[in-house]
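[1] below: sequence and its predicted model.
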Amino acid sequence: MVEQIFKLSKGNEKAVEKVIFDDNLHYLHMVFNKKEGMPEHFANSNVYMTVVRGKLSIGLNDQEVHEYEAGTLLKIPYQTKMNVKNLHEETLELIIVKAPAPKS
């Protein structure tokens, strides 16, 4: 078999899955319920964030929080301050790709 197969969780429970972490990229799958999210941090690579379901509430650098619905892809530059939250009732599901892969 040439391909590698990876499975993502399918439920509504909080999840932060490091699906692929190699020298080329980092591929993460995240699920957050209302009032859950990531701690505020600075992007350690270029970040490509896809909203799979729900509504993303995100503050970048010093701008106000913006909201993005399912089907939206955000490209966030390296070293951008990020504050990612789910402020809504519906479960938020994200796919995050970091490329190039962070060095540490």
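    In hand now; what should we look at?
[2] count of neighbours near Met38?
    Neighbourhood size, Met38 [other C-beta atoms under 10 Å]: 15. Any C-beta I mention is one placed from the backbone N, CA and C, and that applies to glycine too.
[3] any idea of the pLDDT on it?
    Residue-level confidence at Met38 comes out at 96, pLDDT.
[4] same question, Lys103
    Per-residue pLDDT puts Lys103 at 81.
[5] contacts only, for it.
    Contact analysis of Lys103 by C-beta atoms under 8 Å, 6 or more residues apart in numbering lists nothing.
[6] repeat that for Gln4.
    Neighbours of Gln4 in contact, by C-beta under 8 Å, 6+ apart: none.
[7] so it is in which element?
    For Gln4, there is no host helix or strand (DSSP states H and E).
[8] distance of it relative to Tyr27?
    From Gln4 across to Tyr27, the span is 11 Å (C-beta to C-beta, to the nearest Å).
[9] so Leu73 touches Val47, yeah?
    No. With contact defined as C-beta atoms under 8 Å, Leu73 does not count as touching Val47 (10.8 Å).
[10] looking at those two, which has the bigger crowd around it?
    Per other C-beta under 10 Å, whichever of Leu73 and Val47 has more neighbours is Val47, with 20 against 11.
[11] who's that one bridged to?
    Ile76, Lys98 (DSSP bridges).
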